[in-house]
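Pasted the sequence and its predicted model underneath.
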Amino acid sequence: MSCFMKLGVRSWLLCTLFILNFQKWNDLKAQAVRQQVIVEIFEGLPAKWDETTPKRAADDSWKTSVLGFAKIPAKYNSRGAAIDRVAPFLMLSKFESFYPEGDYNFILRSRIKSILRIDGKIITSTNSITSNAAGHEEIPPLVVPADRRWKALETNSQERVIGWKSDGKPHQFELTTVMADKGTRPETGELAVYLVPKSPRHVLPEIVGPENSPKVFMTDVSWNQFRFEQLDLISALNSGKRRSAYISEDSYWEKRHALARKMAGENLKDLSEFSSSRLDRMLQESDPSRRPASLADDASFMRRVYLDVVGQVPSPEEQLVFLNEADPNRRRVLIDRLLDDPRRADAWMGYWQDLLAENPGILKPTLNNTGPFRYFLRDALGDNLAMDRLVTQLVQMEGTVLGGAAAGFSMASQNDSPMAAKAHILAKAFLASELKCARCHDAPKHPYDQSDLFELAAMLAGKEVSVPKSSSVVVAPGARVPAISISLEPGDKIQPRWSLSEISSADQPANVLPANPTTRDRLAALLTWAGNQRFAKVIVNRVWALRTGRPFVEPIDDWDLKTQTRFPEVMEALATDFMRNGYDLKRLDRLILNSHYYQSKVVPDDSSDSLIGPARRRLSAEQLVDSLFAIAGKTFDCEELCLDPEGRRPASEFISLGHPRHAWEMTSASNERDRPALGLPAATQITDLMQAFGWRSSRQDPLTMREVFVTPLQPGILATGLVHTRIARLSDDSKWTQIAIEAETIPELADQTVRRILSRPASAADLSDAKELFQENFENRHVPNAKRIDKTPRSHRPRVSWSNHLKPLATEIQIAEEAEVRAGDPPTARLTSAFREAYEDWVWALINSPDFLFIP
Amino acid sequence: MSDFLNENQFHRRRLFKAGLAGALSTVAAGAGPQNGLIYGKAKSCIFLWLGGGAAQIDTFDPKRQGDLKKKPGSAYRSIQTSIPGVELCEYLPRTARLLERCVLIRTLNHRVIDEHGIATNIVHTGRPTSETVVYPSIGSTVANQLGAGSDNVPAYVLIGYPNISRGPGFLGSKAGYVYLTDTKAGPAGLSAPSDLNSDRKIRRDMLLNRMQTVGLSGSKGETALSDYVTAARESQRLAGKEFGRIFHLDTETSTLRASYGGEFGQRCLLARRLVESGVRFVEVSHNLNFINGTGWDTHNEGQLRQHILIQEMDNAIAGLIEDLERRGQLDSTLIALGTEFGRPAEFDSGGGRGHQSAAFSVIMAGGGLKTGQVVGTTDELSKKIVDEPVSVPDYHATILAAMGISSKLELRAGDRPVPITDGGAPIRKLFT
């Protein structure tokens, strides 16, 4: 009875809350109509659409600030996997506002079908997109606007200019847009409604929006900034949607983690209070003959932890915050702050892309290409999804294949056994089991037969798989007979089965599996459940190796060839803590980063001082490029990573990897066709540098440790490529130019420069270099009345797309672009060339010095 | 990546100082025949890449003429060559006269037609792709086996766009290429920027040297750091004048330059200068699509100006053969043509051609091969192979053999042995 009462009271309360909320929501909605742009999505438009809004509830809706779009939010399934919307779909955006009385022009820019209405009446519209298959279209003439500040229209986009007289009263503005029409990708291009008064003439068109909406002008700079803000906004929106989608599985994961807590405790009961200092004690106890190296100084620690956790060097402002922090535990404070920094997910990306062979091709998937599941990884790492849960989502491979979900992992183009490829990757990444050999024969040096791999493949496929024709070893007549055994024949049928029971027992408690498990669910559970302690140890070893340069177990991804194990009990303890605390990657990182070991001075490999400490590490390609752009204060400003920037082809043939802001977003130009017109010269200048430093333009196979081999090409590219043309160039958009103009003395210039590049104050040697370089030219360096020299905005440069790349002119345009990229950013005229060149040379030398390239 | 970008050489130089150089042996090009294997004596290879898929029926395997519409056949007339009874298309007159210095292979074939990327990969690596290992290109294999012929140049130079098919795969970056897309600019990473005068270059090097010294003194015993500084100083030296001089084509006589023809020919001239300086393998891409838009991918309107492309190739090949011969370098320099596939005798609706991989043609020249021979015959419209098929692995084996590299060798991908070709055998009659 009391139970019933309780329930009743609760229901009543809920009901009341609901009503109250509903009213509040309605109020909010009314308010929102006044203050925000409401966007609604209606999926699955009929083939013959009558241009009316479907009379039903919208499939999705969100709010935004202005009537301009660079990207739209994702749609998620019940487990938080991004899925494709049913195409074509309608996007309806509206808001109410008023403009002072007067004559205006509306400018609608859209490459897809869009209709602009005021108070329900059609004002203007654009046509449906025309798809394109061949590459022989004429290159549309580039029309640079009369007012050269304006952004030019993107090729094959449409612009409608229509006069409008405002009566000063509020009106409803509404934009209806058809997306993903005719099989094209659901991208917007520059989709915006601008408004500009007819006079005075110098006023820039501005994207319309409710009163007090942020100002977005029709210039390249403003649009680019808006686009990146939109990306961040949509990303935050997506994050909320994703979390509320997968919240339904939280209780399952709580049970899994409770089990892990229980099972992890069995051999190390005294580890309930594990900590970084405990970690250090254990390190010392296990090797009493050696003592820990002394702590690195604050500046070195700061640079190291920034590079490790957020993937780039600290800005001068960030340096000040840390160095002025009064808290005696300021290192711990900094670590906590960085672990919560959104850049943390970006910093992890290159590692997982390599490990999981994320290999999207931007032109007609060919060489073992996958979908761009980079976005799934970025989101999961950003959400700090528990590691076992992240791997489970990866194995489940749900969602959109080409739109960025984990399903992209399932794809392996031009591969006759994609699931065998994925089984190989998963085993290597999460079990440190190398099943590569088993693709074609029984592994000679590993405990794996062909059937082990293909049984895993069958689990991923959810059905029996055939051993493909390529999975055999053909011996040419007269050639050496290989010393391997082959237990399967091409064509053999293999059933789903888990045979790695020595690593992970299939004898699991009932609640380890979700209800109605698929074979993928079973595989995911076998890989990640608490009974498989190798999973936790493999992850721990990976993170430790990454942070210290000294793995516990080597090779990191092939434990059956185990050649060396250092500090096994420390690895065990970290793994236990990892399991006991919900496989929390952040917590694991925090334990390592707060250790004396991590924070101590670098210990050379052949140290005779009997010290223990981390190894010297070189910046990764991604850390290098992201740090370079950060110190120069420049943006990548390269082409959209797409060979069909007009958006006229399906995702199955061309995908867009967008406008990159981080090195991990880069991709190969996929120019197997070797056509100048398909080059992405600005992007290639960035990837040339990355590639020299170990980044792979094509990730056909999984990789843990990048090649660290040194060739003169590495310093060569660093000396002559991007750093010369852009990073060390004193153009008017460079931070160096600003510093040089504002600094009052040579020592101030020197100190600011060295801090930006090397995260430390200028040394005596630096100051003496600076004095020698600048004493003649510093005082008179300013050129009075000189104007800023801006790079020609990207929209004002001729552009090519797949649709026209076979025109001879396309080649000429791109070859001219290449030459422009080689010439680099235009130098400022506001400083004398004597000073500018001396300063550029100094900045160049500091960047090329070992102090920049190696983590202190 | 070359000798100078190469591990062995790099360490050898260090070892020289330590007096241990004798401990390392090198693979010499042009080793004599042994174990019944075939070895040629070429020291370097110039690999001419006709991107897009050159139509064999309009170049090296002409047949009866078609009408550019319904009636299949060659687009052009045929002419006699210096090999009696063998004809080429009328736009290859110089090559026709020199054909006795060449080997004409008319039966190269593989099975991929739909996608350029895949076919390009197969012709460069000689294998289908695999997710367990990334195979090296023929250029990287040669670089790996022979290294560069001198300390001052890389082993493998690409004049064209960087892509994975041309890369070193499992052989690692030391077998990779340096590339350039503009003959005047020199290769990325190894050329001093043209806008940097010598005073600035000296100032930069001076500042950097000081910083390197400070960096090294603060990190004793750290090989990662000292190796990098050594490599950096090496690269400072290479970006100097000596290497850059190779790219100054204007030091050649105008008559010679003219004999090579257009931009593709100038690239071939640069290739000659590179191999002369010790580069082992130069891939020269004929990707100058401003001639007809499509390059060799002559669908539709790409066909209209294909003859200009053919003429440009004719001049480049003939110019190169004549120049090498005059210099006495033809026997030690192998010229080999590559393209991702051929094209059918039929025309598409735009008067161009689709793709065909069942039979297509390439030529080889010089390299000490027994030239003046034709390998393989196709049917009356060059659609099917009649005799002597040559697989892509066979073609690779032939190139390797010509360079003194056994086609029976095994490379190592980690601990896994990988036969140097996918079961290819050199074309025997070119060597005996």
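Cool, the structure landed. Keep in mind that this is a model prediction, so the values were computed, not measured.

Which strands border the stretch of helix or strand residue A:194 belongs to, and is each parallel or antiparallel?
If you go by DSSP states H and E, residue A:194 is part of strand A:191-197. Strand A:191-197 has the following sheet partners, assigned by DSSP bridges: strand A:68-69 (antiparallel), strand A:102-110 (antiparallel), strand A:206-207 (antiparallel).

Quick check: which of the ones you listed is buried the most?
Mean neighbours per residue, mean count of other CB atoms under 10 Å in any protein chain shown, is largest over the strands paired with strand A:191-197 for strand A:68-69, with a mean of 27. From N, CA and C alone the C-beta is placed, and that goes for glycine too.

Figure out which of the strands paired with strand A:191-197 is closest to residue A:47.
With distances scored as CB to CB, the stretch of the strands paired with strand A:191-197 nearest to residue A:47 is strand A:102-110 (20.9 Å).

could I have the closest one exported to CSV, CA atoms only?
Extracted C-alpha coordinates of strand A:102-110, given in CSV (Å, rounded to 0.1, in the frame of the first residue of the first chain):
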residue,chain,number,x,y,z
GLY,A,102,14.5,51.5,-46.5
ASP,A,103,15.6,49.7,-49.7
TYR,A,104,17.6,46.6,-49.5
ASN,A,105,18.8,43.7,-51.6
PHE,A,106,18.5,40.1,-50.5
ILE,A,107,21.3,37.9,-51.8
LEU,A,108,20.5,34.2,-51.6
ARG,A,109,23.5,31.9,-52.2
SER,A,110,22.8,28.2,-52.6
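
State the distance spanning the first to the last residue of stretch A:125-142.
With CA to CA, to the nearest Å as the measure, the first residue of stretch A:125-142 is 22 Å from its last.

which bits of the stretch 51-200 of chain A sit near chain B?
A:134, A:135, A:136 (CB under 8 Å from any CB of the partner chain).

What is the nearest of those residues to residue A:443?
Nearest member of these to residue A:443, counting by CB to CB, is residue A:135, at 45.5 Å.

now that closest one, nearest residue through space, not along the chain?
residue A:806 (3.8 Å; CB to CB, 6 or more residues apart in numbering or on different chains).

who's in contact with the one you found?
With contacts defined as CB atoms under 8 Å, 6 or more residues apart in numbering or on different chains, residue A:806 is in contact with A:134, A:135, A:136, A:677, B:289, B:293, B:294, B:297, B:302.

quick one: secondary structure of it?
Residue A:806 falls in the coil class when you classify it by DSSP: H, G, I helix; E, B strand; the rest coil.

so does stretch B:272-280 get close to chain A?
No. Stretch B:272-280 is not in contact with chain A by CB under 8 Å from any CB; minimum separation 14.4 Å.

Identify all contacting residues around that stretch.
Counting by CB under 8 Å, 6+ apart, residues outside stretch B:272-280 touching it are B:2-3, B:43-46, B:142-143, B:146-150, B:152-157, B:246-247, B:249, B:282, B:320, B:323-324, B:327, B:329, B:333, B:403.

Tell me which of these fall in strands.
Of the positions in these, B:44, B:45, B:46, B:156, B:157, B:282, B:333 sit in strands, assigned by DSSP state E.

want to throw the residues you listed into TSV with pLDDT and distance to residue A:41?
Putting those into TSV (pLDDT from 0 to 100; distance: CB to CB, whole Å) gives the following:
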residue	pLDDT	distance to residue A:41
B:44	98	61
B:45	98	58
B:46	98	57
B:156	96	52
B:157	95	52
B:282	98	55
B:333	98	63
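
By neighbour count, which of those residues wins?
Greatest neighbour count in these, by other CB atoms under 10 Å in any protein chain shown, goes to residue B:156: 34 neighbours.

you'd agree that one is up against residue B:140?
Yes. Counting by CB atoms under 8 Å, residue B:140 is a contact partner of residue B:156 at 6.3 Å.

Name the residues contacting each of these two.
B:175, B:176, B:177.

Now do the contacts for residue A:237.
A:62, A:73.

What separation do you get for it and chain B?
36 Å (CB to the nearest CB, to the nearest Å).

what comes up buried for the strand or helix carrying that residue?
According to DSSP H and E, residue A:237 maps onto helix A:220-246. Neighbour counts over helix A:220-246 (16 or more other CB atoms under 10 Å in any protein chain shown) mark A:220, A:222-224, A:226-227, A:230, A:233-235, A:237-238, A:241-242, A:245-246 as buried.

Which member of those is positioned nearest chain B?
residue A:220 (25.3 Å; CB to the nearest CB).

Now the closest one: closest residue in space, sequence neighbours ignored.
Spatially, and ignoring its direct neighbours in sequence, residue A:220 is nearest to residue A:793 (3.6 Å; CB to CB, 6+ apart).

For that neighbour, give its distance to chain B.
With CB to the nearest CB as the criterion, residue A:793 and chain B are 23 Å apart.

wait, that residue sits on residue A:222?
No. Residue A:793 lies out of contact with residue A:222 (CB under 8 Å); the separation is 10.7 Å.

Could you tell me which residues touch both of the two?
Taking CB under 8 Å, 6+ apart as the contact rule, the neighbours common to residue A:793 and residue A:222 are residue A:151.

And the strands in the stretch 151-300 of chain B?
According to DSSP state E, counting those that start in this stretch, the stretch 151-300 of chain B carries its strands in the segments B:156-159, B:178-180, B:281-285.

Sheet partners, orientation included, of the last one?
Same thing as strand B:281-285. Partners of strand B:281-285 in its sheet, by DSSP bridges: strand B:44-49 (parallel), strand B:156-159 (parallel).

Dump the last one to CSV, keeping only the CA atoms.
These are the backbone C-alpha positions of strand B:156-159, laid out as CSV (Å, rounded to 0.1, in the frame of the first residue of the first chain):
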residue,chain,number,x,y,z
TYR,B,156,64.8,7.4,-56.5
VAL,B,157,63.4,10.6,-58.0
LEU,B,158,59.9,11.0,-59.1
ILE,B,159,59.0,13.8,-61.6
